[in-house]
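Participant: My questions concern the predicted model and sequence given below.
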Amino acid sequence: MNILAPVRRDRVLAELPQCLKKEAALHVRKDFHPRVTCACQEHRTGTVGFKISKVIVVGDLSVGKTCLINRFCKDTFDKNYKATIGVDFEMERFEVLGVPFSLQLWDTAGQERFKCIASTYYRGAQAIIIVFNLNDVASLEHSKQWLADALKENDPSNVLLFLVGSKKDLSTPAQYSLMEKDALKVAQEIKAEYWSVSSLTGENVREFFFRVAALTFEANVLAELEKSGSRHIGDVVRINSDDKNLYLTASKKKATCCP
Amino acid sequence: MATTSAASDLACSAAPSPVGGASAAAAVEEEEREVVRVRVKKCESFLSPEFRSFAVDPQITSLDVLQHILIRAFDLNGKKNFGISYLARDRLGQEAFLSLLSDWDLSTAFATASKPYLQLRVDIRPSEDSPLLEDWDIISPKDVIGSDVLLADKRSSLTTAALPFTQSILSQVGRTLSKVQQVLSWSYGEDVKPFKPPLSDAEFHTYLNHEGQLSRPEELRLRIYHGGVEPSLRKVVWRYLLNVYPDGLTGRERMDYMKRKSREYEQLKSEWAQRVNPEDLEFIRSTVLKDVLRTDRAHPYYAGPEDGPHLRALHDLLTTYAVTHPQVSYCQGMSDLASPILAVMDHEGHAFVCFCGIMKRLAANFHPDGRAMATKFAHLKLLLRHADPDFYQYLQEAGADDLFFCYRWLLLELKREFAFDDALRMLEVTWSSLPPDPPEHEVELVGPPSQVADTGFGSHRGRPVRQRHMLRPAGGGSSAFEDAVVHLATSSQGPSSGGRLLRQASLDGLQQLRDNMSPRKDLLVQLSHPATLISSKSLSEPLLNSPDPLLSSSSRPDSPSSSSPPSTQEASPSGDVAVGSPSMPEVGSPRDPGKSVPPPPPMGLPPPQEFGRGNPFMLFLCLAILLEHRDHIMRNGLDYNELAMHFDRLVRKHHLGRVLRRAKALFADYLQSEVWDSEEGAEATAPS
């Protein structure tokens, strides 16, 4: 393993970033899980700091997946980046509650002719980000198919799901409002957390990826704690059933918000 | 600086007579500070000794570099268990070989080098690891220098063998001169230029007769294969490499031909609205535009504003192709193939004709059924397993033997893996390794019309183009490609029953391609094109005739090189077990678990016209890149994901010189072996 680059100062998370919409969130706690906070303070996070969490980004052709990643990783909106052929990668380093943590972002080509190899790269994902274009209803309709393809390679109970509407800058408030209603429905249906972003303006991009990093980190630590009694070096970190409660909690909260 | 050449250095090794006074002594002293000639004797148990001579610059030759030079000179690749000693005189004048174990020893050896040269001895130690080589790193910068020079010389041997006798003499003189120049002007870190310079305008005209007809297309390609094309000449020569001209055109006829085809292109460009409906056209244009705006924008030709003329030309070219070839349409990656062609031609109409020429061969890469890509993946797997079973096994255990991180390499024929100008050289060398395939009459600028629903695409109702792009195969569709890859690989490696399955699969694919992509006649003509064998022979012939000891050494059947495929089917029993067992396919060859049947010997590779779907050299380029990074990958234990990320970081950064030299050496071995297994049975035309 190559020596990892140091964590940038603006990649330090001391508090849990909040969700965008409580109606469609993986959980709505304001802070990290108490067991996670406690474990970090006592330096009992096991090997989480040396793990790389794989996050895959999928969605239709040219919905802006690569722009989204580049906006966050390179903090610039560069129109001249290359079109993705097959798969591209970005590695982003964080420090969460004092523990180093890495996200490995996999950017896959959306075009149908490359989907045959994209499935190979779904393997081992801990988070799946499904990107659709807020100005293209069809791309939202295709989200469920993308998710179905990705889940063929992963245990559904072990991955975090994010549904992200992109190109918000091209949307009028009225259009956006209509689209968001549909998107929230889809997000709730697939148990994903919903976000809307603009790679051009940078709106919500940083917040979104911090949220992904924080929730993935939290899930990793919880999984590590679950199996700390029978840990084996080199084991792939797996999120245990405890994670399912996150959905139940969200569901209950939703019920509370309904009336 | 270091060079290897037995012939020229024997001449140099005759030291000038010391008589001549102070000036002669000063000259000798001057020469000794800049270059030291070395003569090496290799001793290996029962084998007779071998000798090599070369010259090195003491200033930049460390022990690491020397070791690497020796490994290359004696073809000890993979063998690191040898000791080096040098001949020294003690105070009494007694000569004795002293061990060479450190850089300090090497400095002493250089300082006391016996006139007329430093004499070294290499002792091969069987089955014993030498602590001297414990931290040997094949990718260190020092080794790269040695590697470049030695391989360059090996390549120049190929070049010498390829030239007619009279030119060979001139080449010999030129080679001697270039070595002297290298000694005098070498600077650290400078790349060694390829021995054969790019094809010049003057030399190009020697391939044309008095009417301007190209009389020796195979020889032209061979020449370009060895040295590339001068940039200013690419505009002309690439039209031959991309099979734009039918055979036999005179100079004037070629001009008229290009004018006519350009007018045809302009006409097609004006017919977009008549050929597709507005919605489909808008979808094509927007997709093309997105990719055009992000293709090679760092290159000066495409760096201008988004509405600049070159970007507009690229957009119009790709849109016209998509509109006139609805079965292919547009797909991400095509802009990467078109971009270098347009930059070189600098004429939209000419570039379009050339693009049609290359897409005649590559359109299958973009077909939704993935069959062409599946075949290429299967062949690359075969090649890697053939060339380096240990590395292949490592990849298998890492779950990376599907080689899907090579997808972009195969789809775009490595165009995006090198810096733009390097990519131009790589492309022309690759294209020149293909047999000439001129059109019977003209390059077709229009492809077959859209298929109806039974091909699996949407009908003309609604938006067929969009549907084609967005549609996903139902259920197991996305795994069909992987099944095809596994099936092809398994069949290729299995016994005769597997071969039959593969033959059926290949014939099915061929049938589908024939139905979907082109009229039957054209395809059959391509399959039986006699130039294929001629070209393969012309690439292989020089090697068979070469008297060069280095080349003979590297091509001997018992060569220990682990990066060369075996030239015969025979292998020792232990070799069978080691090579065959890990990848023995379970399906297709059921056998009694209690019965101990020796596995069959490894299969040969497909013949050139089939290998890589007719572009075998491209597979050897991929193999060369993989092997360049082999030791780094295995030493660091990169896993599946890390491996893919490693190569993704290297996009546009591969070292062209090293990759080309290694690929050409491996390709030469493959062509020489001529022990091939055809996957197409009765349709095979190659000897086997």
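Facilitator: Nice, thanks for sending it over. It should be emphasised that the depicted structure is a prediction, and the values quoted were computed from it without experimental measurement.
Participant: Mind naming the longest helix for chain A?
Facilitator: helix A:205-226 (DSSP state H).
Participant: hmm, it in reach of chain B?
Facilitator: No - counting by CB under 8 Å from any CB of the partner chain, chain B is not contacted by helix A:205-226; separation bottoms out at 15.3 Å. C-beta coordinates here come from the backbone N, C-alpha and C atoms, glycine included.
Participant: Tell me the residues of the stretch 151-259 of chain A that contact chain B?
Facilitator: A:K152.
Participant: all strands of the stretch 151-259 of chain A, in order?
Facilitator: In the stretch 151-259 of chain A, the strands defined using DSSP state E, counting those that start in this stretch lie at A:160-166, A:193-196.
Participant: between the ones you listed, which one is nearest to B:E397?
Facilitator: strand A:160-166 (29.4 Å; CB to CB).
Participant: Could I get the average pLDDT for the closest one?
Facilitator: Throughout strand A:160-166, pLDDT has a mean value of 94.
Participant: That one to helix A:205-226, inter-axis angle?
Facilitator: 180 degrees (axes from the mean of the first three to the mean of the last three CA atoms, to 10 degrees).
Participant: SS state for the residue lying closest to B:H226 once chain neighbours are set aside?
Facilitator: Nearest non-adjacent residue to B:H226, counting by CB to CB, 6 or more residues apart in numbering or on different chains: B:K196, 4.5 Å away. The three-state label given to B:K196 by DSSP: H, G, I helix; E, B strand; the rest coil is coil.
Participant: B:K196 against B:G227, yeah?
Facilitator: Yes - in this structure B:K196 lies within contact range of B:G227 using CB atoms under 8 Å: 3.6 Å.
Participant: about what we covered before: and the longest helix of chain A, how far from the chain's centre?
Facilitator: 9 Å (CA atoms, centre = their mean, to the nearest Å).
Participant: where exactly do the helices run in chain A?
Facilitator: A:34-41, A:65-73, A:115-121, A:137-141, A:143-151, A:173-190, A:205-226, A:244-257.
Participant: Quick one: closest of these to B:Q396.
Facilitator: So among the helices of chain A, helix A:115-121 is nearest, using CB to CB, at 14.7 Å.
Participant: Please produce CSV containing the helices of chain A, extended by mean pLDDT.
Facilitator: Converted to CSV, the helices of chain A look like this (pLDDT from 0 to 100):
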stretch, mean pLDDT
helix A:34-41, 86
helix A:65-73, 84
helix A:115-121, 68
helix A:137-141, 92
helix A:143-151, 87
helix A:173-190, 93
helix A:205-226, 90
helix A:244-257, 34
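Participant: Near B:A109, how many other residues are there?
Facilitator: Around B:A109 there are 25 other residues, counting by other CB atoms under 10 Å in any protein chain shown.
Participant: A:K30 now?
Facilitator: 7.
Participant: Now it. Its backbone dihedrals?
Facilitator: phi -80, psi -20 (degrees, to the nearest 10).
Participant: Now do it against A:L222, distance only.
Facilitator: 17 Å (CB to CB, to the nearest Å).
Participant: which residues are contacting the strand or helix carrying B:C356?
Facilitator: For B:C356, the host element (DSSP states H and E) is helix B:348-362. By CB atoms under 8 Å, 6 or more residues apart in numbering or on different chains, the residues outside helix B:348-362 that reach it are B:235, B:238-239, B:242-244, B:258, B:261-263, B:265-266, B:313, B:316-317, B:320-321, B:325, B:328, B:334, B:337-338, B:341-342, B:344-345, B:413, B:434, B:437, B:443-445, B:614-615.
Participant: Could you tell me which of those belong to helices?
Facilitator: B:235, B:238-239, B:258, B:261-263, B:265-266, B:313, B:316-317, B:320-321, B:334, B:337-338, B:341-342, B:344-345.
Participant: I'd like to know the average pLDDT value across stretch B:378-387.
Facilitator: 95.
Participant: Could I get the CA-only coordinates of it as PDB?
Facilitator: Taking Å, rounded to 0.1, in the frame of the first residue of the first chain, the C-alpha atoms of stretch B:378-387 are listed here in PDB:
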ATOM      1  CA  ALA B 378     -10.300 -13.500 -24.000                       C
ATOM      2  CA  HIS B 379      -7.300 -13.200 -26.300                       C
ATOM      3  CA  LEU B 380      -5.500 -10.800 -23.900                       C
ATOM      4  CA  LYS B 381      -6.100 -13.300 -21.100                       C
ATOM      5  CA  LEU B 382      -4.700 -16.100 -23.200                       C
ATOM      6  CA  LEU B 383      -1.600 -14.000 -24.100                       C
ATOM      7  CA  LEU B 384      -0.900 -13.000 -20.600                       C
ATOM      8  CA  ARG B 385      -1.200 -16.500 -19.300                       C
ATOM      9  CA  HIS B 386       1.000 -17.700 -22.200                       C
ATOM     10  CA  ALA B 387       3.700 -15.000 -21.500                       C
END
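Participant: so, in contact with chain A or not, it?
Facilitator: No - if you take CB under 8 Å from any CB as the test, stretch B:378-387 misses chain A, and the best it gets is 13.5 Å.
Participant: ok, now which ones touch B:Q119?
Facilitator: Here B:Q119 is in contact with B:V38, B:R39, B:V40, B:K41, B:Y86, B:L87 (CB under 8 Å, 6+ apart).
Participant: Dump those into a markdown table; add neighbour count as well.
Facilitator: Below are these laid out as a markdown table (neighbours: other CB atoms under 10 Å in any protein chain shown):
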| residue | neighbour count |
| --- | --- |
| B:V38 | 27 |
| B:R39 | 20 |
| B:V40 | 24 |
| B:K41 | 15 |
| B:Y86 | 23 |
| B:L87 | 19 |
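Participant: From those, which land in strands?
Facilitator: B:V38, B:R39, B:V40, B:K41, B:Y86, B:L87 (DSSP state E).
Participant: wait, the last one sits on B:E95?
Facilitator: Put plainly, it is B:L87. Yes - using CB under 8 Å, B:L87 is in contact with B:E95, at 5.8 Å.
Participant: and the stretch 251-400 of chain B, which residues reach chain A?
Facilitator: Going by CB under 8 Å from any CB, the residues of the stretch 251-400 of chain B near chain A are B:287, B:290-291, B:293-295, B:297-298, B:306, B:331-333, B:335-336, B:366-368, B:370, B:373.
Participant: List only buried entries from the residues you listed.
Facilitator: The neighbour-count test (16 or more other CB atoms under 10 Å in any protein chain shown) marks B:287, B:290-291, B:293-295, B:297, B:331-333, B:335-336, B:366-368, B:370, B:373 as buried among these.
Participant: which ones among the residues you listed are found in helices?
Facilitator: Under the assignment DSSP H, these contribute B:T287, B:K290, B:D291, B:S335, B:D336, B:M373 to helices.
Participant: Hmm, the fifth one is touching B:F418, no?
Facilitator: Looking back up the chat, that one is B:D336. No - B:D336 lies out of contact with B:F418 (CB under 8 Å); the separation is 11.8 Å.
Participant: From the centroid of chain A, which residue is nearest?
Facilitator: A:V212 (4.2 Å; CA atoms, centre = their mean).
Participant: Spatially, what comes nearest to it if we skip its sequence neighbours?
Facilitator: A:A127 is the one closest to A:V212 (CB to CB, 6+ apart), at 5.9 Å.
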